[in-house]
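Peer 1: Based on what follows, work out the 3D shape:
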Amino acid sequence: MLHLRILGSAAVLSSDGALTGAAGRRRALALLALVASARDDGLPRDRALALLWPELDSERARNNLKQLVFSLRRALSPEVFAATGPSLRLDPNVITVDVWAYEKAITEGALESAVARYGGPFLDGFNVPGLTEFERWVETERARLSSVHAGTLDTLAERATKAGQFEIAAAWRRHLAALDPLSARYAVSFVRALADAGDIPGALRHAHLFERLVRSELDTDVGPEMRLLVARLRTNGNREPSVTSAEIEILATKPVASNESTTS
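Peer 2: Now for the predicted structure:
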């Protein structure tokens with residue numbers, strides 16, 4: 001059984017590891033990714049031509065697609081594509097795809113299994129020079145799957161919090177914050193989760209690291225929500241007293257203190 005990996009780096013895998021040769025060429029992997037993402041509907045051949053050979057006339061593009069399909073059948077299996085016709089489909093009896101398994105786990109509600117199957121951003125680091133429309137498609141699909149992954153992590157964290165499993169919730173929030181280290185929303189949620197788990201020093205430490213990162217990378221401020229949260233943690237532990245909008249404005253003018261400064 002073959003396996004197509006397109007979450008993270010792209011490759012076709014066999015029991016002996018990643019395949020090279022015809023199956024490892026960029027345009028071949030691009031075609032496999034397109035066909036896999038089309039699922040049971042199949043990838044219309046005209047769509048493949050437009051994305052993979054936009055610079056060629058119709059006849060030459062069709063000939064290139066025919067040759068590429070032939071080379072993949074020879075390199076992988078004569079049955080790797082389910083059937084001939086106007087659309088291309090992968091045969092699940094011959095090749096599995098990580099995206100299929102990932103989205104199946106999401107659909108079935110097996111969220112922890114789905115997270116374990118998420119190998120990284122869609123076609124991470126993969127490109128085929130000169131294929132602008134293909135790159136746009138990759139970016140759209142990558143953003144869609146990243147959003148699904150973030151939502152899954154958020155759901156798992158919420159479930160753990162409601163169950164009183166605060167350390168587990170903090171672990172899920174840590175994964176979420178790592179997806180986008182510059183996201184204030186993710187950072188605030190992670191700091192709050194650490195506080196809920198009783199790790200106030202860790203919460204303040206991450207808040208301080210987040211401030212250093214956004215100032216370095218974005219030359220901007222962490223925002224009043226993070227400042228408010230840090231102020232609460234420094235003065236009231238994990239309790240959350242009500243704070244007025246005027247107090248938020250005051251907090252927005254003050255720097256976030258590091259854990260070291262709060263314990264000295």
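Peer 1: contacts and neighbour counts: CA atoms only from here.
Peer 2: Will do.
Peer 1: what about the helices in the stretch 1-150 of the chain?
Peer 2: Counting by DSSP state H, counting those that start in this stretch, the stretch 1-150 of the chain has helices at residues 26-38, 45-52, 58-75, 98-107, 111-117, 132-162.
Peer 1: average pLDDT across the first one?
Peer 2: Helix 26-38 shows a mean pLDDT of 97.
Peer 1: Just list the residues touching the residue nearest the centre of the chain, thanks.
Peer 2: Central residue of the chain (C-alpha atoms, centre = their mean): residue 146, 3.2 Å from the mean position. By C-alpha atoms under 8 Å, 6 or more residues apart in numbering, the contact set of residue 146 is 121-122.
Peer 1: Quick check: the gap between it and residue 33.
Peer 2: To residue 33, residue 146 is 16 Å away according to C-alpha to C-alpha, to the nearest Å.
Peer 1: can you check residue 143 too?
Peer 2: For residue 143 relative to residue 33 (C-alpha to C-alpha), the value is 15 Å.
Peer 1: now residue 116
Peer 2: 20 Å.
Peer 1: Name the residue in those two with the higher neighbour count.
Peer 2: residue 33 (21 against 9; other C-alpha atoms under 10 Å).
Peer 1: Might one say that residue 29 is in contact with residue 13?
Peer 2: No. Taking contacts as C-alpha atoms under 8 Å, residue 29 lies outside contact range of residue 13: 11.7 Å.
Peer 1: quick one: which of these two has more around it?
Peer 2: residue 29 (24 against 20).
Peer 1: can I assume residue 24 is in contact with residue 17?
Peer 2: No. Counting by C-alpha under 8 Å, residue 24 stays clear of residue 17, with 11.7 Å between them.
Peer 1: The two: which has the busier surroundings?
Peer 2: Neighbour comparison, residue 24 and residue 17: the larger count goes to residue 24, with 18 against 11 (by other C-alpha under 10 Å).
Peer 1: Apart from its chain neighbours, what residue comes closest to that one?
Peer 2: Leaving out its chain neighbours, the residue that sits closest to residue 24 by C-alpha to C-alpha, 6 or more residues apart in numbering is residue 11, at 6.6 Å.
Peer 1: Please report how far the one you found lies from residue 54.
Peer 2: Counting by C-alpha to C-alpha - residue 11 and residue 54 are separated by 24 Å.
Peer 1: swap in residue 47?
Peer 2: In terms of C-alpha to C-alpha, residue 47 sits 10 Å off from residue 54.
Peer 1: neighbour count winner among the two?
Peer 2: residue 54 (16 against 12).
Peer 1: just checking, that one touches residue 131?
Peer 2: Yes. Look at residue 54 against residue 131 with C-alpha under 8 Å: they come within range, at 7.5 Å.
Peer 1: To what extent is the closest residue to residue 167 other than its chain neighbours buried, counted in neighbours?
Peer 2: Closest residue to residue 167 apart from its sequence neighbours, by C-alpha to C-alpha, 6+ apart: residue 197 at 5.2 Å. By the measure other C-alpha under 10 Å, the count of residues near residue 197 is 21.
Peer 1: Kindly report the same for residue 235.
Peer 2: Using other C-alpha under 10 Å as the criterion, the residues surrounding residue 235 number 11.
Peer 1: hmm, back to that, can you tell me how far the residue nearest to residue 24 is from residue 87?
Peer 2: Distance from residue 11 to residue 87, by C-alpha to C-alpha: 22 Å.
Peer 1: same question, residue 25
Peer 2: 22 Å.
Peer 1: What of residue 99?
Peer 2: 20 Å.
Peer 1: quick one: which of the two has more around it?
Peer 2: More crowded of residue 99 and residue 87, by other C-alpha under 10 Å: residue 99, with 22 against 19.
Peer 1: can you tell me which residues contact the more buried one?
Peer 2: 5-7, 37.
Peer 1: I figured residue 23 hits residue 13, correct?
Peer 2: No. Residue 23 lies out of contact with residue 13 (C-alpha under 8 Å); the separation is 9.5 Å.
Peer 1: so where is the stretch 51-200 of the chain shaky, pLDDT-wise?
Peer 2: 84 (pLDDT under 70).
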